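Colleague: sequence below, structure please.
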Amino acid sequence: MSRVGKMPITIPADLTIEQRDGKVIVKGQKGVLEERIHPEMTVVIKDNEVRVERPSEDRFHRSLHGLTRSLIQNMIMGLSEGNVKKLEIIGVGYRAELKGKAVVFQLGFSHPIYLVPPEGIEIEIPTPTSVVVKGIDKQLVGQIAAKIRSFRPPEPYKGKGVRYVGEYVRRKAGKANV
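Modeller: Next comes the predicted model:
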């Protein structure tokens, strides 16, 4: 039995969850999320609890079991608490600022980089060297944070670039003076 898949998910009081046309739909005050579930997985909703069941002990069914449960858990957590990714910008002259809906990054290139966040994503700039990505969809929040990081990933010599808060960047020694 999948250790992740067999755990029940408790539904908070302010959320409603339903299953329709092969999709699980979660509604809350922050919005609505839906996820298509594999037809062989069974989602059972009763008594403020969601359980995911699988038809057999096949390797494929075992892998889908934990995945399906995690997807539903992420939807519920996103609508009740929200998802947040924090990034930090390190480097002389590297900064970010909000201009209307767009975020403008100065990352050492000859041009600024503009990013307009998609629907459902909110980007905050508390200081010019920190970026906070918020939203209800965990996958989309992570994808936008990874896209921002890809503009200038941290380099191993000086550590300059965009990195997640708390991310460890392994540093290399520079040229040896022999």
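Colleague: so which elements touch the longest helix along the chain?
Modeller: Ordering each helix of the chain by length in residues (DSSP state H) puts helix 59-80 first. Applying 3 or more Cβ pairs under 8 Å, 6 or more residues apart in numbering; DSSP states H and E, one finds that helix 59-80 contacts strand 9-10, strand 23-27, strand 32-36, strand 49-53, helix 138-151. Heads up, the C-betas are built off the backbone N, CA and C, glycines and all.
Colleague: of all the ones you listed, which lies closest to K86?
Modeller: helix 138-151 (8.4 Å; Cβ to Cβ).
Colleague: now that closest one and strand 32-36, what's the angle there?
Modeller: 90 degrees (axes from the mean of the first three to the mean of the last three Cα atoms, to 10 degrees).
Colleague: list the contacts of helix 138-151.
Modeller: Outside helix 138-151, the residues within contact range by Cβ atoms under 8 Å, 6 or more residues apart in numbering are 74, 77-78, 83-85, 87, 105, 107, 113, 115, 117-118, 120-121, 123, 131, 133-135, 161-164.
Colleague: quick one: mean pLDDT for that helix?
Modeller: Mean per-residue pLDDT for helix 138-151: 96.
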